[in-house]
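Chemist: The sequence and its predicted three-dimensional model are supplied below.
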Amino acid sequence: MKRTGRYFSCATIVITAIFLCWGRGDCTSDKALPLIHGSRAVAVVNGEPVTLADLDDALSLRRTATGDAKATAKETSELIQRLINTRLALQEARKIGLDNLPETKKMVDVFAKTALREQLMERQVGKLTVPEKEVERLYRQATKEWKLISVLFEKKDDAEKAVQRLKRGEDFASVAKSVVAQGTAKGGDVGAYLKVSQTNPQIAAVVSKMATGSVSPIVPLKPGGYALVKLEDVRQVDSPAEKERVREEALKDAKVKMLTRYNEGLIKRYAVVHKDVLKALDFEAKKSGFDKFLKDGRILAEIKGEKPITVGELADELRHQLYHGVEEAAESKKLNEKIAPAFNDMLYKRVFRKEALRLGLDKSAAYTRKVQEYEDSLVFGSFVQKVVVPDVKVTEEEVKQYYQDHIKDYTFPEMMKISGIAFKKRADAEDAVKKLRDGTDFQWLASNAEDQAEKNSPDLLTFDGNLLTVTSLPKGLQKIVSGNKPGDLRVYASPEGNFYALWIQDVVPSKPRPYEETRREISKQIFDERLKQAMDEYVAKLRAAADIKVFLNP
């Protein structure tokens, strides 16, 4: 029998591993629970504790997924059993040696280094705030709007002539209208209110210093041209949402500036950069070729107590970054411009890690738990893929049978184009249907029929000839129109008290979706169901042979 293939992805792993919870919850500590390895345990699985913190995480994940603030006793009990099942699967995975796979170790190492840097960053900026006075200033700047009259000149001489006319006392609007009529300038009309961010930067810089009603000096524009601007009015637009956006952006900018300064300080403390070697690098040189640099041992930065950063390491880093190859980047003269950013990133990672280790952040409970959770997720996913998935099979015959047995679930619904006229009384709707049957033009009747329902009534249904899915209509209406033919006329009385004369203009009958179109979807559905069943059966065997003690019974 032919197999359809396996539909398993990282997303499926995440869903399957719902027990591996991220983010701390707020489950109240229970001192009655036993203290094992320094943590309160809600259960013990083969001597390994499932901690209260694990349950906190699971409850936190549940709150995020469901929106429910509090779990019931039954839900909490089920979460504990899931945590036990996950622990059993992880123990089995480690017994097999899945935690020692090279790809797993590499991914954990990369994650651990990143998490350590992030922990140091959070330590530096976690309590950083932006003064409310600065937020208010930025907010007022962001919500300030100007109404301007602007005149744009190509030649500076023409702009200077206009200025001379203004100095002689002519009105700005009159001068603007005149130069535009002469063809020496464009614009001249009073525009709509503009935010500062919507205004040309050169003009904004000048207008920000002007008083309402005043006229600017000649403003040079980029890439060319000149402007004269009159500030007609200034207003502030209140927006709580905009204020929060400004606050977030200001905090983000403040964090970036602080971390930049901090990074510079760490480089001075721990590194000596050989700027002359860095500046002399030319990875685009055709004579030497890029591969030569991969073996280049010249030192770019000395790191106290550690191996230095060499040209070869930098070249290798760039080679990994450029998925389309260094040759293509070199040919397009875009390789050398990547040298400084890549080097700075390597240097930042090295000095941040060194400082984090000096501070002992790698030994903190939060860090070690975060890394362990990540490793557990990888090992669990590897267990599912390598141990459980290979035995889950779906045949082509099974997919076809499922399609036939559930054909209603894979059928396009009936669709119709319906036009309608709404009335306040049934008699008027029935009279309209009679007139339509007798040959009255629908559009003429819709425009001239009396006692129609108010067009802007909030409970009025609209039938304007657009294609509608019958199953999306009110149930009472579905019964009336389902199975009709093009040209049929019907009366529908809505629960809201309106009466509709309906004209069925066109009908698209329901029909099954082609099997080939649904095949992958059905295969995945069957596969996912069997995967869950296989996991349940595997874990059931592990439970039968396990030593499990549960200390918390909600």
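Modeler: All right, it came through fine. Residues are numbered from 1 along each chain as shown.

Chemist: Report the separation between the residue in the chain sticking out farthest from the centre and residue 346.
Modeler: Here the chain reaches farthest from its C-alpha mean at residue 168, the gap being 58.3 Å by C-alpha atoms, centre = their mean. As judged by C-beta to C-beta, to the nearest Å, residue 168 and residue 346 stand 65 Å apart. For glycine as for every other residue, the C-beta is placed from the backbone atoms N, C-alpha and C.

Chemist: Now do the helices in the stretch 101-250 of the chain.
Modeler: For the stretch 101-250 of the chain, the helices defined by DSSP state H, counting those that start in this stretch occupy 102-125, 132-143, 156-167, 172-182, 201-207, 240-270.

Chemist: Those into JSON lines, with extra columns for mean neighbour count and mean pLDDT?
Modeler: Shown next, in JSON lines, are the helices of the stretch 101-250 of the chain (neighbours: other C-beta atoms under 10 Å; pLDDT from 0 to 100):
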{"stretch": "helix 102-125", "mean neighbour count": "15", "mean pLDDT": "96"}
{"stretch": "helix 132-143", "mean neighbour count": "15", "mean pLDDT": "94"}
{"stretch": "helix 156-167", "mean neighbour count": "15", "mean pLDDT": "96"}
{"stretch": "helix 172-182", "mean neighbour count": "16", "mean pLDDT": "94"}
{"stretch": "helix 201-207", "mean neighbour count": "16", "mean pLDDT": "94"}
{"stretch": "helix 240-270", "mean neighbour count": "14", "mean pLDDT": "96"}
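
Chemist: Pipe those helices into CSV and attach distance to residue 214 per row.
Modeler: Output for the helices of the stretch 101-250 of the chain, formatted as CSV (distance: least, C-beta to C-beta, whole Å):
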stretch, distance to residue 214
helix 102-125, 42
helix 132-143, 19
helix 156-167, 11
helix 172-182, 10
helix 201-207, 9
helix 240-270, 27
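
Chemist: Any idea how many residues pack against residue 154?
Modeler: Burial of residue 154, expressed as a neighbour count using other C-beta atoms under 10 Å, amounts to 13.

Chemist: Residue 218 versus that one, what's the distance?
Modeler: 13 Å.

Chemist: Give me the common contacts of the two.
Modeler: residue 226 (C-beta atoms under 8 Å, 6 or more residues apart in numbering).

Chemist: show me the contacts for the closest residue to residue 62 other than its chain neighbours.
Modeler: In space, and not counting its chain neighbours, residue 62 is closest to residue 71: 5.9 Å by C-beta to C-beta, 6 or more residues apart in numbering. By C-beta under 8 Å, 6+ apart, residue 71 lies in contact with 59, 62-63, 79.

Chemist: Residue 162 now?
Modeler: 151, 153, 175, 179, 185, 228.

Chemist: Would you mind measuring from it to residue 152?
Modeler: Residue 162 sits 11 Å away from residue 152, going by C-beta to C-beta.

Chemist: could you list every residue that touches the residue farthest from the centre of the chain?
Modeler: Residue 168 touches nothing, counting by C-beta under 8 Å, 6+ apart.

Chemist: Can you pick out the most distant pair from the contacts of residue 71?
Modeler: Pairwise distances across the contacts of residue 71 peak at 11.4 Å for 63 and 79 (criterion: C-beta to C-beta).

Chemist: Of the two, which one has the most company?
Modeler: Neighbours were counted for residue 63 and for residue 79 using other C-beta under 10 Å; residue 79 has more, 23 against 16.

Chemist: Excluding chain neighbours, what is closest to the more buried one?
Modeler: The shortest distance from residue 79 to any non-neighbouring residue, by C-beta to C-beta, 6+ apart, is to residue 58 (4.5 Å).

Chemist: That neighbour - how many residues pack around it?
Modeler: Neighbours of residue 58 (other C-beta under 10 Å): 26.

Chemist: gap between it and residue 157?
Modeler: Taking C-beta to C-beta, one finds residue 58 at 76 Å from residue 157.

Chemist: and what of residue 452?
Modeler: Distance from residue 452 to residue 157, by C-beta to C-beta: 66 Å.

Chemist: Repeat that for residue 92.
Modeler: From residue 92 to residue 157 the distance is 85 Å (C-beta to C-beta).

Chemist: picking up where we left off before, using JSON lines, lay out the contacts of residue 162 together with distance to residue 34.
Modeler: Shown next, in JSON lines, are those (distance: C-beta to C-beta, whole Å):
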{"residue": "151", "distance to residue 34": "82"}
{"residue": "153", "distance to residue 34": "84"}
{"residue": "175", "distance to residue 34": "88"}
{"residue": "179", "distance to residue 34": "88"}
{"residue": "185", "distance to residue 34": "85"}
{"residue": "228", "distance to residue 34": "81"}
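
Chemist: now for those residues, which pair is the farthest apart?
Modeler: Between all members of the contacts of residue 162, the farthest pair (by C-beta to C-beta) comes out as 153 and 175, at 11.7 Å.

Chemist: Out of the contacts of residue 71, list just those in strands.
Modeler: Counting by DSSP state E, no part of those is found in strands.

Chemist: for this protein, which spans come out with low pLDDT?
Modeler: The chain contains residues with pLDDT under 70 at 1-32, 37-38, 288.

Chemist: Okay, domains of it per the record?
Modeler: 139-238, 251-358, 414-509 (automatic domain parsing).

Chemist: a markdown table for those, including distance to residue 375?
Modeler: Converted to a markdown table, the domains of the chain look like this (distance: least, C-beta to C-beta, whole Å):
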| stretch | distance to residue 375 |
| --- | --- |
| domain 139-238 | 44 |
| domain 251-358 | 19 |
| domain 414-509 | 48 |
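
Chemist: between the ones you listed, which one is nearest to residue 85?
Modeler: domain 251-358 (35.0 Å).

Chemist: which other residues reach stretch 307-319?
Modeler: With C-beta under 8 Å, 6+ apart as the criterion, stretch 307-319 contacts 277, 281, 283, 290, 293-303, 326, 335, 338-339, 342-343, 346-347, 350.

Chemist: again, 7 Å this time
Modeler: 281, 283, 290, 293-302, 326, 338, 342-343, 346-347, 350 (C-beta atoms under 7 Å, 6 or more residues apart in numbering).

Chemist: for the stretch 351-500 of the chain, what spans make up the helices?
Modeler: Using DSSP H, counting those that start in this stretch, helices in the stretch 351-500 of the chain cover 365-383, 396-405, 426-437, 442-448, 475-481.

Chemist: Nearest to residue 502, out of the ones you listed?
Modeler: When the helices of the stretch 351-500 of the chain are compared (using C-beta to C-beta), the closest one is helix 475-481, at 7.0 Å.

Chemist: quick one on the thing from earlier: can the helices of the stretch 351-500 of the chain go into a markdown table with extra columns for mean neighbour count and distance to residue 96?
Modeler: A markdown table is the format used below for the helices of the stretch 351-500 of the chain (neighbours: other C-beta atoms under 10 Å; distance: least, C-beta to C-beta, whole Å):
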| stretch | mean neighbour count | distance to residue 96 |
| --- | --- | --- |
| helix 365-383 | 18 | 8 |
| helix 396-405 | 15 | 29 |
| helix 426-437 | 17 | 73 |
| helix 442-448 | 13 | 72 |
| helix 475-481 | 14 | 55 |
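
Chemist: Looking at those, spot the one closest to residue 267.
Modeler: helix 365-383 (23.3 Å).

Chemist: what helices or strands is the closest one leaning on?
Modeler: Secondary structure elements in contact with helix 365-383, counted by 3 or more C-beta pairs under 7 Å, 6 or more residues apart in numbering; DSSP states H and E, are helix 73-96, helix 102-125.

Chemist: how about a markdown table for these, with distance to residue 368 added?
Modeler: Listed next are those as a markdown table, based on distance: least, C-beta to C-beta, whole Å:
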| stretch | distance to residue 368 |
| --- | --- |
| helix 73-96 | 16 |
| helix 102-125 | 9 |
